[in-house]
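A.B. asks: Turn this into a model:
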Amino acid sequence: MSEVFLRLIREELNTAKLGSLPQQKYLEIEEHVNKAFLRVHELDELSLEVLQGVIKRLNDDLEKYAEIRILKSRSATVIPENTVDYDVIKAVIRLIEVEKHVLSPFVVRHADKFLYLFRKPCVIGERRFKKNDIVELSVVEMIVASIYECGEVLEKPIVKLIKSA
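C.D. replies: Sure, this is the predicted structure:
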């Protein structure tokens with residue numbers, strides 16, 4: 001079972017661009033794993049221990065594959081839309097942007113909150129925002145706003161002035 005993800009890891013490492021994991025390929029992998037589990041009730045104690053080891057290894061390989069895809073997604077200019085994890089990769093890229101804002105000395109903040117400009121109507125938790133609203137958001141609220149592409153964190157005016165010069 002583990003060889004499937006090892007092959008995917010090898011393929012991902014051998015290409016410069018983020019590889020595609022189409023739904024069909026994912027379903028084939030899932031079917032392969034499910035077939036292996038069909039007769040689990042017939043296994044003796046030793047075979048069950050071996051299967052537990054295989055599952056652990058498969059989980060480890062899967063984690064490495066996910067890490068590689070996320071790291072590669074950061075440098076990718078285009079994310080293949082036909083890939084199973086498209087939304088996850090887009091969310092990770094946005095999460096990295098939020099982290100950049102949290103660490104940045106260039107954004108407007110007040111008491112652990114960030115000034116955020118909404119470019120479209122959005123709902124975050126119980127709060128509704130209209131286009132062009134400027135509000136203070138916590139980091140968690142900023143993550144949600146970023147994932148839904150609601151707007152942008154405001155930079156200090158001096159930074160904007162310098163950038164436009």
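A.B. asks: Output the longest strand belonging to the protein.
C.D. replies: Across the chain, the strand with the greatest residue count (assigned by DSSP state E) is strand 113-118.
A.B. asks: burial count for the residue nearest to His32 when sequence neighbours are not counted?
C.D. replies: Once flanking residues are discounted, His32 sits nearest to Val4: 6.3 Å by CB to CB, 6 or more residues apart in numbering. Bear in mind the C-beta positions are built from the backbone N, C-alpha and C, glycine included. Val4 is flanked by 17 other residues according to other CB atoms under 10 Å.
A.B. asks: domain parsing for the chain?
C.D. replies: 2-76, 87-164 (automatic domain parsing).
A.B. asks: Regarding this structure, what is its longest helix?
C.D. replies: The longest helix of the chain (DSSP state H) is helix 45-75.
A.B. asks: Report the buried residues of stretch 45-60.
C.D. replies: Taking 16 or more other CB atoms under 10 Å as the neighbour-count basis, stretch 45-60 is seen to contain the buried residues Leu58.
A.B. asks: cool, and stretch 31-49?
C.D. replies: By 16+ other CB under 10 Å, stretch 31-49 has no buried positions at all.
A.B. asks: From His110, how far out is Arg119?
C.D. replies: Arg119 is 21 Å from His110, where distance means CB to CB, to the nearest Å.
A.B. asks: These two: which is more packed in?
C.D. replies: Taking neighbours as other CB under 10 Å, Arg119 and His110 compare with Arg119 leading, 13 against 8.
A.B. asks: For the more buried one, which non-adjacent residue is closest in space?
C.D. replies: Residue nearest to Arg119 in three dimensions, not counting chain neighbours: Gly151, with 4.2 Å by CB to CB, 6+ apart.
A.B. asks: Run a quick neighbour tally on that neighbour.
C.D. replies: Neighbour number of Gly151 under other CB under 10 Å is 22.
A.B. asks: Test of understanding: give the bridge partners of it.
C.D. replies: Partner residues in beta bridges with Gly151: Phe118, with DSSP bridges as the criterion.
A.B. asks: Quick check: which element contains the residue nearest the centre of the chain?
C.D. replies: Centroid-nearest residue in the chain, with CA atoms, centre = their mean: Val92, separated by 3.1 Å. Under DSSP states H and E, the secondary-structure element containing Val92 is helix 86-103.
A.B. asks: ditto for Ile29
C.D. replies: Counting by DSSP H and E, the element that carries Ile29 is helix 23-37.
A.B. asks: roughly how far is that helix from the heart of the chain?
C.D. replies: Using CA atoms, centre = their mean, to the nearest Å, we find the averaged C-alpha position of helix 23-37 to lie 22 Å away from the chain's own average C-alpha position.
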